[in-house]
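**Q** based on what follows, work out the 3D shape:
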Amino acid sequence: MRGPDEVQADDPDLFGVRPYAMTNGRTQPSTPLDLMSLVRATGRGMVGKSQLGVEHSKALELCASPTSVAEVAALLRRPVTVTKVVLSDLIELGAVIAKFAPSESYSNDPAILEAVIDGLRRFV
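**A** Residues are numbered from 1 along each chain as shown. Okay, here's the model as predicted:
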């Protein structure tokens, strides 16, 4: 039995499908997304779950409540670029909407910067 942080080389979730196969060879999302963008399922959309690929279905489930692109990538255990392509597909289908995080309002707030520094110190 393995712990939650252990990775095994034969884990099909990690190594079963190459990233380019999940995105049909695409390396750029059609909708620009950054790591802090929040994505949420709309509950409508132009395609049923049975018509989606495995990665798209998993991503859609993770977007039941607003979730950052970074968190979706971590939960899917996929590279961020692959996750962005999958999410942009879902956005085009109308199954997911994205809210882009404001970049300037957070970067200058000393309280947020202190919280980030404190969080990083806890890891050291």
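**Q** C-alpha from now on. contacts and neighbour counts both.
**A** Noted.
**Q** quick one, phi psi at Arg40?
**A** phi -150, psi 140 (degrees, to the nearest 10).
**Q** which stretches of the chain have low pLDDT?
**A** 1-27, 45-51, 101-108, 124 (pLDDT under 70).
**Q** tell me where it has helices.
**A** 12-15, 19-22, 54-62, 69-76, 80-92, 103-107, 110-123 (DSSP state H).
**Q** just so I know, which of those helices lies nearest Pro32?
**A** Among the helices of the chain, the nearest to Pro32 by C-alpha to C-alpha is helix 80-92 (7.8 Å).
**Q** still on that earlier bit, so which of the helices of the chain gets nearest Pro29?
**A** helix 80-92 (4.2 Å).
**Q** alpha carbons of that closest one, as PDB, please.
**A** Below are the C-alpha coordinates for helix 80-92, written out as PDB (Å, rounded to 0.1, in the frame of the first residue of the first chain):
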ATOM      1  CA  VAL A  80      -0.600  23.100 -16.600                       C
ATOM      2  CA  THR A  81      -0.400  23.500 -20.400                       C
ATOM      3  CA  VAL A  82      -2.500  20.300 -20.900                       C
ATOM      4  CA  THR A  83      -5.000  21.500 -18.400                       C
ATOM      5  CA  LYS A  84      -5.300  24.900 -20.000                       C
ATOM      6  CA  VAL A  85      -6.000  23.300 -23.400                       C
ATOM      7  CA  VAL A  86      -8.600  21.000 -21.900                       C
ATOM      8  CA  LEU A  87     -10.300  23.900 -20.000                       C
ATOM      9  CA  SER A  88     -10.300  26.100 -23.100                       C
ATOM     10  CA  ASP A  89     -12.000  23.300 -25.000                       C
ATOM     11  CA  LEU A  90     -14.700  23.200 -22.200                       C
ATOM     12  CA  ILE A  91     -15.000  27.000 -22.400                       C
ATOM     13  CA  GLU A  92     -15.600  26.900 -26.200                       C
END
